[in-house]
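> Whatever this is, show me its structure:
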Amino acid sequence: QIHERIDGFHATQEGLHAQLSRKQPTEMACLSIAEHLISRLVEVGIDAVFGVPGDFNLRLMDVLEKCVNAGADGDGPCHQALRWIGTCNELNAAHAADGYARMRGVGALVTTFGVGE
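Sure thing, here's the model as predicted:
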């Protein structure tokens, strides 16, 4: 199952490069790094993101919030609603993301600098 997702990921990436190469530089959409990261997470099949918000990831959290609030409309950079699963600390977030990845093939964790890092 993970190999199918990886193959789809590479096919999507090649298609994206082909689309971008056909466009003129003025026509290219500007994406922030956060928007790009979240759209790639959605492309590989992630529908839940675990983590702890903090000072160094707040811009990413702002974009993630748009996806969490997207609902069925698919508004925002991810074109699909994501679930934010906040945890009380980084260790719990890591364990939760690891369990999700073991069940689904891939997981996502958002954290910031903490006491143990």
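> Quick one: the strands in this structure, in order.
Applying DSSP state E to the chain gives strands spanning 48-51, 83-86, 109-110.
> list the buried ones in stretch 98-111?
Of all the residues in stretch 98-111, those buried under the rule 16 or more other CB atoms under 10 Å are 100-101, 104-111. No exception for glycine: its C-beta is placed from N, CA and C like everyone else's.
> next one: stretch 36-47
Result for stretch 36-47 [16+ other CB under 10 Å]: buried residues 37-44, 46.
> What would it look like as CSV? C-alpha coordinates only.
The C-alpha trace of stretch 36-47 is given here as CSV (Å, rounded to 0.1, in the frame of the first residue of the first chain):
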residue,chain,number,x,y,z
HIS,A,36,3.2,23.4,-0.2
LEU,A,37,3.9,21.1,2.8
ILE,A,38,0.3,20.7,3.7
SER,A,39,-0.8,20.0,0.1
ARG,A,40,1.9,17.4,-0.2
LEU,A,41,0.7,15.7,3.0
VAL,A,42,-2.8,15.5,1.6
GLU,A,43,-1.5,14.1,-1.7
VAL,A,44,0.1,11.2,0.1
GLY,A,45,-3.2,10.4,1.9
ILE,A,46,-2.8,12.1,5.3
ASP,A,47,-6.1,13.2,6.8
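> Do me a favour and average the pLDDT over that stretch.
In this model, stretch 36-47 has a mean pLDDT of 88.
> Repeat that for stretch 60-72.
79.
> quick one: the helices in this structure?
For the chain, the helices defined by DSSP state H cover 2-22, 33-43, 58-68, 90-104.
> out of the strands of the chain, deepest packed?
Mean neighbour count (mean count of other CB atoms under 10 Å) peaks for strand 48-51 among the strands of the chain, with a mean of 22.
> where in this structure is pLDDT low?
The model of the chain has pLDDT under 70 over residues 1-29, 70-80, 114-117.
> Fine by me, we can end here.
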